[in-house]
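here you go, sequence then predicted model.
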Amino acid sequence: MENSRTFKDRLFLVIKGLGMGAANKVPGVSGGVVAFVAGFYEEFIFSLQRINKTAFKLLFNGRFKSFYGYVNGRFLVLLFSGMIISFFSVSKILDYFLKNHELYVWGLFFGMIIGSIYYINKDFNDWNYKSFTALAIGITLGVSISFLDPAMENDNLLFVFFCGIISVSGMTLPGFSGSFILILLGNYVLLLVDSVNALYDTFSEIVTGDFSFLQNEVRIRLLKVLTLFTLGSFTGLVTFSHVLSYVLKHYKSITTASIIGFIIGSLGVVWPWKKTIFKMQDDGSFLLDSRNEKIISNYERFLPELNSETYLAFGYVIIGILIVLALEWYGQRTKRAHV
């Protein structure tokens, strides 16, 4: 598996990591969908599942090369490199477009999710009462989650650790948006914006020889928050991968049907035509987060009027579908090349 990767394969794996990282940061979109559609979902889960007692034994005994090979290290390093790069580059570009061209971005993601439903469903033929029940449960949970109201921000370190465990589920469970869950838990801005920016600013200052951040209580608090969130994410990633590896092995049809349901349910979150509803205080003023920005309560969804803006948004929906079909075509071509 390791030695068979060409430079082109490795480059594309980093690009897939970029895609997963960007998707994980967008509320309503799941990085797991990128892995599923791009054809490396099962290898991703398998590789994470290898981070176990045997792996740690190899690591602590100083057998680093054996550890690296055992956990499919090159695959994970390339993929996570792409995700990290994405966090400090692609996701910032995404933030810009969400702020300035929100309708078209949501249209693009809506199309990608429709394409994902087609991709996952096209080769799934094991429909029976169990899989239909799993599908219905998946849709119900997905829709229910999309209509919940967010909580208030909470920087308690134990709660932050819990947020890390829950939010990372979007990487391992297609259709389950970790970033949207963070909005519901009230910590999206704190964990995916403020703490990440604090880390970026800290690195920038260290490079210039400036260590004044050590006296900055707010910065230190945010770095502690990010550390606990990262530890929680790693814990959740490894834990979920072991559970999903078992479930995929023993209940693949039911799991796939549930994933299709989750993704269908998530369409409500990424529906392009929606109006943001903000949280209000008793005096009629808006509730603000740590950046003095209005806190989102939920969205009011509506059917669009037929005008040039709507037609352009439909165009982005089609582009989103085509992107997924192109990924599918590339995945099939890569598989044939390795046969």
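Right, received. Where do you want to start? Numbering: from 1, shown residues only.

tell me where the model's unsure across this structure.
By pLDDT under 70, the weakly predicted segments of the chain are 1-5, 26-29, 90-92, 94-95, 149-151, 170, 174-176, 278-298, 330-339.

what are the ranges of the strands in it?
274-278, 296-301 (DSSP state E).

tell me how far stretch 145-155 lies from the chain's centre.
Its chain's C-alpha centre lies 17 Å from the corresponding centre of stretch 145-155 when counted by CA atoms, centre = their mean, to the nearest Å.

tally of neighbours for residue 121?
16 (other CB atoms under 10 Å). From N, CA and C alone the C-beta is placed, and that goes for glycine too.

likewise residue 32?
30.

I figured it hits residue 177, correct?
No. Judged on CB atoms under 8 Å, residue 32 makes no contact with residue 177 at a distance of 9.3 Å.

tell me where the stretch 101-250 of the chain has helices.
Taking DSSP state H, counting those that start in this stretch as the test, the helices found in the stretch 101-250 of the chain are 102-122, 129-146, 157-167, 169-172, 178-185, 188-189, 195-207, 217-250.

buried residues in stretch 101-118?
Under the neighbour-count criterion of 16 or more other CB atoms under 10 Å, stretch 101-118 has 103-117 buried.

same check on stretch 54-61?
55, 58-59.

now that stretch, how far from the chain's geometric center?
Relative to its chain's centre, stretch 54-61 lies at 29 Å (CA atoms, centre = their mean).

also stretch 114-133?
22 Å.

can I get the CA coordinates of it in CSV?
Taking C-alpha atoms only, stretch 114-133 is exported to CSV below (Å, rounded to 0.1, in the frame of the first residue of the first chain):
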residue,chain,number,x,y,z
ILE,A,114,-26.5,15.8,-3.8
GLY,A,115,-23.7,14.3,-5.9
SER,A,116,-22.5,12.4,-2.8
ILE,A,117,-25.9,10.9,-2.2
TYR,A,118,-25.9,9.7,-5.8
TYR,A,119,-22.3,8.3,-5.5
ILE,A,120,-22.9,6.3,-2.3
ASN,A,121,-26.3,5.1,-3.4
LYS,A,122,-25.4,4.0,-7.0
ASP,A,123,-23.5,0.8,-5.9
PHE,A,124,-25.7,0.0,-2.9
ASN,A,125,-28.1,-2.7,-3.8
ASP,A,126,-28.9,-4.3,-0.4
TRP,A,127,-32.2,-2.5,0.2
ASN,A,128,-34.5,-4.3,2.7
TYR,A,129,-36.6,-3.4,5.7
LYS,A,130,-33.5,-3.1,7.9
SER,A,131,-31.6,-0.8,5.6
PHE,A,132,-34.8,1.3,4.9
THR,A,133,-35.3,1.6,8.7
